[in-house]
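> Compute the structure for the input listed below.
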Amino acid sequence: MSDQKQPPQHQNKQPGDEHQMQPEPEFIRASYRGTDKLKGKVAIITGGDSGIGRAVAIHYAREGADCVLAYLDEERDAEDTRALVEAEGQQCMLIHGDVGDPAFCREIVDKTLDRCGKLNILVNNAAEQHDWDDVTEIPDDQLQRTFQTNIFSHFYMAKAALPHMGEGDTIIATSSINAFKGNPTLIDYTATKGAIQGLVRSLATSLVDKGIRVNAVAPGPVWTPLIPASFPEDKVEKFGGQVPMDRAGQPSEMGPAYVYLASEESSYMTGQTLHLNGGVVLNT
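A predicted model of the protein is given here:
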C-alpha cells in the first residue's frame, strides 16, 4: 500500500460522503478471491453504505452472502454499494434510518426476515465522532447522540436480531484503537468504543452455550468518510501519521477480518478483538 498522505479536505456533515473524498477509499483489492466462506448466509451491516461498512458488504458478497445495509441518509453512497454487491452476484437490500432509534433497529431485522427469510451475521458498524479539545465544551445533546449511535444501537440491534439467530451465527462489532489507548479530542467517541468492548465480552459469554459467537475489530486510523466529516483540513492531511506504518489504513484492509470473524474458520474465537492498527502495540 502507498504511504502517500491524503490532501487536505473537509465535509460539513456526518457521517460524510464517500464519493466526495479525494482520493476515494479502496474497498476491496482486485487480488481478493472469494472461496464461498459465507455462501448462503445473510448479513445485516449498519453503516453499510460507505467506509468499512461498504468494504465488509463487498467482501461478504464475494464470499457468497446476501447483504442488508442500514444507513442514515447517504443515498448515493448506498446505491453505489448496492450496485457493487449485486455485481458480485448477491442480493442487497437498503434500509435508511437512524440506528439510535430502537424502533428502526427492529424494522431492520423485520425487513431482513421478510426479504431473506433468515439472519446469520450482524455487523454493528455505524458510528459518529466529534472533535473537541475540552470535555466541558461537549454539548449535552451531542453526548447523548454519540452514545445513541455508537453503543445503544448495538444493544437495540442485538435485542432484535438474537431471537432469530442460532448456532454458528455471529455478531461482530466495530470498535476502535481509541478504546485501548484513549484519545484527548475524541472523548465521548472513545468512551462508546470502550463500552463496545465490555458489551462484546459480556455478550460472548452470555451466548456461548447457544453457539453464537461475538467478536470485534478495533481499527486504527482508516480512510473513511467519517474522517473529513470529523476533522479540519489540517488534521485530515496528517491523518494516519500517528501509527508506525505512517499512513491511514484502507477499508480493503479491514474487510477480510470481518470475513474471518463471520466464517467457521474462527469457530474457536469469541469475546475477542482483532487489532488492525498500522503497527501500534497495545496492552490488551
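> For His10, give me phi and psi.
Main-chain torsions, His10, degrees, to the nearest 10: phi -150, psi 140.
> That one: what's it in contact with?
If a contact means Cβ atoms under 8 Å, 6 or more residues apart in numbering, then His10 has 228-229, 231-233, 236 as its contacts. Where you see a C-beta, it was placed from the backbone N, CA and C, and this is true even at glycine.
> which of the residues you listed sit farthest apart?
Farthest-apart pair in the contacts of His10 is Ala229 and Glu233; separation 12.1 Å (Cβ to Cβ).
> And the two? Which one has more around it.
Higher neighbour count among Ala229 and Glu233: Ala229, with 21 against 12, using other Cβ atoms under 10 Å.
> Any figure for the gap between the more buried one and Phe152?
21 Å (Cβ to Cβ, to the nearest Å).
> how about the strands in the stretch 1-150 of the chain?
42-46, 66-71, 92-96, 121-124 (DSSP state E, counting those that start in this stretch).
> Determine which stretch of those is the most buried.
strand 121-124 (a mean of 29; mean count of other Cβ atoms under 10 Å).
> got any ranges where the stretch 151-284 of the chain has weak pLDDT?
For the stretch 151-284 of the chain, the stretches with pLDDT under 70 are 226, 284.
> Report the central residue of the chain.
Note on the chain: the residue nearest the mean C-alpha position is Asn125, at 2.8 Å, using Cα atoms, centre = their mean.
> so that one touches Ala55, yeah?
No - counting by Cβ atoms under 8 Å, Asn125 does not reach Ala55; the two are 9.9 Å apart.
> Next, count neighbours for the closest residue to Ala78 other than its chain neighbours.
Spatial nearest neighbour of Ala78, chain neighbours left out: Asp49 (3.9 Å); criterion: Cβ to Cβ, 6 or more residues apart in numbering. Burial measure for Asp49: 30 neighbouring residues, criterion other Cβ under 10 Å.
> Name the nearest residue to Tyr156, sequence neighbours excluded.
Cys105 (3.7 Å).
> number of nearby residues for that neighbour?
27.
> I'd like the strands of the stretch 1-150 of the chain as TSV, with distance to Gln14 and mean pLDDT appended.
As requested, the strands of the stretch 1-150 of the chain are exported to TSV (distance: least, Cβ to Cβ, whole Å; pLDDT from 0 to 100):
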stretch	distance to Gln14	mean pLDDT
strand 42-46	15	98
strand 66-71	12	98
strand 92-96	15	98
strand 121-124	17	98
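> Distance to Ser267 for those strands - can I get that in JSON lines?
Formatted as JSON lines, the strands of the stretch 1-150 of the chain follow (distance: least, Cβ to Cβ, whole Å):
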{"stretch": "strand 42-46", "distance to Ser267": "17"}
{"stretch": "strand 66-71", "distance to Ser267": "22"}
{"stretch": "strand 92-96", "distance to Ser267": "27"}
{"stretch": "strand 121-124", "distance to Ser267": "14"}
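> of these, which approaches His275 most closely?
Closest to His275 of those, according to Cβ to Cβ: strand 121-124, at 17.5 Å.
> mind checking pLDDT for the residue lying closest to Glu74 once chain neighbours are set aside?
Spatial nearest neighbour of Glu74, excluding adjacent residues (Cβ to Cβ, 6+ apart): Asp49 at 4.8 Å. Per-residue pLDDT puts Asp49 at 95.
> and if you look at Met1?
For Met1, the predicted pLDDT is 45.
> same thing with Ala57?
98.
> I'd guessed it sits against Gln91; true?
No - using Cβ under 8 Å as the test, Ala57 is too far from Gln91 to be in contact (11.4 Å).
> So which of the two has more stuff around it?
Ala57 (32 against 15).
> Tell me the spacing between the more buried one and Thr192.
Counting by Cβ to Cβ - Ala57 and Thr192 are separated by 23 Å.
> now Thr224
For Thr224 relative to Thr192 (Cβ to Cβ), the value is 17 Å.
> Report the contact partners of the closest residue to Asp98 other than its chain neighbours.
For Asp98, ignoring the flanking residues on the chain, the nearest one in space by Cβ to Cβ, 6+ apart is Phe104 at 5.7 Å. Neighbouring residues of Phe104 by Cβ under 8 Å, 6+ apart: 70, 97-98.
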